[in-house]
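Trainee: next come a sequence and a model predicted from it.
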Amino acid sequence: MARKQKRLGWVTTGVALGVALAVIVTLGGRAPERQPTAPDNVAAGLPAPQRAPVTDGPVPQVPPAADPKPEWMRKLGPNEKPPQFVMFSFDGAASKAHWDRVLPLARQVKAHVTGLLSGVYMLSDDQSGSYTGPGHDRGDSSIGFGGTRQDVSQRIGYLNDALAAGHELGTHYMGHFCQGDEPSVGRWNTDQWNTELDQFFGVVDQAGQQGFKLDPTTIRGGRTPCLEGDWKAAIPAMKAHGLVYDTSQVSLGVTWPTVVDGVYEFPLPEVHVPALNKQAVMMDYNLWFALNRADEEPARAAEFTSVVVDTYRDVYRAAFNGNRAPLTIGNHFNEWAGGAFSAAVEQFMGEVCVQKETVCATYTEVIQWMQLQDPQVLAQLRSFPAARN
């Protein structure tokens, strides 16, 4: 079935075309994320991030880490600082070329990463009619589908390799309908979120019959398309499908994860970009927008990589020397701006994961660590001011 061409978020037509091409090539891109509230972004007419209030709710639990446990997976001693966790996450998570680089690098530096899988990439193009996004036509997806059946079969193989290496797969949902692609996920009600997640888990089950070794019970969280969502509508659907964490909201600086209505929220930090002297959400597309309004300038790839790596380093130092809150680094498997942002995240992974008192872990592993700590210790950690660079 033919697929409609969709507009991607808040970008102009020219940039949208470039982003769409990146999505098709890498099976990992997506529309721009919600921007921070700095004056530059307000002037650009971009919406401010939604922030859900922290509320009392049951603390979700995950199974403890299996043996043999890493040395850091233990209860803190008196007056002991927590490790500096760094969580690398990749939206879309379906590009073989990027997994081929990340897997050996992660093995070398003893890192675990989280891939947030877009379920449509597990459906071949000729199976597109099996998906109907809430409020959209059957076979419609803003990011396409998974290519040929051979492509999907190959994808199952390398995703299985990632799982075997200890990496985590979460959900990036299905059709990736952002603002302007209505009804966008930001307007969905709980029933519509439930429908989207029903289909995601259905696709995982179907892929399991083809050899995909992703146990649905290990899908414990995800990130919403473009960081959008009415959280009062989305969170009940997350819980109904066994999700225990979300990483879609934005915090000012690096903060400890809190439980929001019974779901752990690992926010993306809004940070200072030293080279630009401006604020941006620490997500690759947002940094690109801050650099040059997301214009494709591959000749500037080295410059962009340098700015982004320096920003990562600066934020890491602020957290390490401050509240030691887990640092969420959001990325895509993409080649935007000549691959500048993939190069930056891979360079930083190679640097940071070997630093003292630093652990590059998955979201589930950080939750497992938190479950070992005294509640009073976690409360104290959450009481520390946000780490601001």
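Mentor: Yes, it's here. Residues are numbered from 1 along each chain as shown.
Trainee: give the buried residues for stretch 299-316.
Mentor: Within stretch 299-316, the residues scored as buried using 16 or more other CB atoms under 10 Å are 300-301, 304-305, 307-309, 311-312, 315-316. Just so you know, the C-beta spots here come from the backbone N, C-alpha and C atoms, and that holds for glycine as well.
Trainee: make CSV out of these and add secondary structure and distance to Asp151.
Mentor: Shown next, in CSV, are the buried residues of stretch 299-316 (DSSP: H, G, I helix; E, B strand; the rest coil; distance: CB to CB, whole Å):
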residue, secondary structure, distance to Asp151
Arg300, helix, 32
Ala301, helix, 27
Phe304, helix, 30
Thr305, helix, 29
Val307, helix, 34
Val308, helix, 30
Val309, helix, 32
Thr311, helix, 34
Tyr312, helix, 32
Val315, helix, 36
Tyr316, helix, 36
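Trainee: by contact count, what packs against the one helix or strand Leu159 maps to?
Mentor: Leu159 belongs to helix 149-164 when assigned by DSSP states H and E. If contacts are counted by 3 or more CB pairs under 8 Å, 6 or more residues apart in numbering; DSSP states H and E, helix 149-164 sits against helix 96-109, strand 114-117, strand 168-171.
Trainee: mean neighbour count, these: which tops it?
Mentor: Across the helices and strands packed on helix 149-164, averaging neighbours per residue (mean count of other CB atoms under 10 Å) puts strand 114-117 on top, at a mean of 28.
Trainee: just the CA trace of it, in CSV.
Mentor: Below are the C-alpha coordinates for strand 114-117, written out as CSV (Å, rounded to 0.1, in the frame of the first residue of the first chain):
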residue,chain,number,x,y,z
THR,A,114,19.7,1.4,25.1
GLY,A,115,18.1,1.2,21.7
LEU,A,116,14.6,2.6,21.5
LEU,A,117,13.0,0.6,18.7
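Trainee: and that strand, what does it pack onto?
Mentor: Here strand 114-117 touches strand 84-92, helix 149-164, strand 168-171, going by 3+ CB pairs under 8 Å, 6+ apart.
Trainee: okay, the ones you listed in JSON lines with mean pLDDT next?
Mentor: Shown next, in JSON lines, are the helices and strands packed on strand 114-117 (pLDDT from 0 to 100):
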{"stretch": "strand 84-92", "mean pLDDT": "98"}
{"stretch": "helix 149-164", "mean pLDDT": "98"}
{"stretch": "strand 168-171", "mean pLDDT": "98"}
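Trainee: now, of these, which is deepest in the fold?
Mentor: Taking mean count of other CB under 10 Å, strand 84-92 is the most buried of the helices and strands packed on strand 114-117, at a mean of 26.
Trainee: that one to helix 96-109, inter-axis angle?
Mentor: With axes from the mean of the first three to the mean of the last three CA atoms, to 10 degrees applied, the angle from strand 84-92 to helix 96-109 works out at 170 degrees.
Trainee: packing partners for strand 84-92?
Mentor: strand 114-117, helix 301-320, strand 327-332, helix 336-352, strand 358-360, helix 363-371.
Trainee: would you map the helices across the stretch 151-300 of the chain?
Mentor: Counting by DSSP state H, counting those that start in this stretch, the stretch 151-300 of the chain has helices at residues 190-208, 231-240, 284-292.
Trainee: distance of Glu228 from Glu346?
Mentor: Distance, Glu228 to Glu346, using CB to CB, to the nearest Å: 28 Å.
Trainee: you'd agree Gln199 is up against Gly119?
Mentor: Yes. Applying CB atoms under 8 Å, one finds Gln199 in contact with Gly119, separated by 6.8 Å.
Trainee: who's in contact with Tyr131?
Mentor: 119-120, 123, 138-139, 141, 145, 174-175, 199, 203 (CB atoms under 8 Å, 6 or more residues apart in numbering).
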